[in-house]
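In: just the structure for this:
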Amino acid sequence: MNGLKNRMRIFVSYTLRDKQLDVNKLRRLSIFLSTYGYTFIDCINNNSRKKQERVIEEVKKCDCFLLLLTSKTFESEWVQVEIQLAKQENKKILETYVNHDIDYTALLNMIKSFRSKK
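Out: Okay, the predicted model is just below:
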């Protein structure tokens with residue numbers, strides 16, 4: 001069986017407004033998640049001319065919607081749009097709190113649980 005066919009598509013929703021996350025942390029997250037599948041993180045993977053359309057397309061295609069919660073997550077208009085779209089598309093939403101760093105152990109447990117239910 002082709003291993004690539006079984007890899008999930010993970011959309012990461014986040015905000016950089018409160019400085020709890022930055023591009024370097026998101027790059028580390030992308031590397032970590034690459035073990036489990038294709039990861040879309042807007043500030044890293046979106047090289048499209050129509051950036052907003054690409055985000056919408058990626059939410060629709062994802063198997064798993066990962067919401068990184070920080071103190072200003074819900075102040076971001078785009079995070080709100082992404083969450084609404086994920087709900088409309090019946091995407092499984094995984095949430096993890098970020099307090100200056102990402103809890104990779106908790107994230108790993110969530111992903112394993114998600115994959116076992118698929």
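
In: pull out the buried positions in the strand or helix carrying Leu85.
Out: Element membership of Leu85, judged by DSSP states H and E, is helix 77-88. Buried residues in helix 77-88, defined by neighbour count with 16 or more other CB atoms under 10 Å: 79, 82-83, 85-86. The way it works is simple: take the backbone N, C-alpha and C, and place the C-beta from them, glycine included.

In: name the helices or strands packed onto the longest helix anywhere in the chain?
Out: For the chain, the helix that runs over the most residues, judged by DSSP state H, is helix 104-117. For helix 104-117, the packing partners by 3 or more CB pairs under 8 Å, 6 or more residues apart in numbering; DSSP states H and E come out as helix 23-33, strand 64-69, strand 92-97.

In: could you dump the buried residues of helix 77-88 into JSON lines with pLDDT and distance to Cys62 added?
Out: Listed next are those as JSON lines, based on pLDDT from 0 to 100; distance: CB to CB, whole Å:
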{"residue": "Val79", "pLDDT": "96", "distance to Cys62": "15"}
{"residue": "Glu82", "pLDDT": "97", "distance to Cys62": "10"}
{"residue": "Ile83", "pLDDT": "98", "distance to Cys62": "13"}
{"residue": "Leu85", "pLDDT": "98", "distance to Cys62": "10"}
{"residue": "Ala86", "pLDDT": "98", "distance to Cys62": "8"}
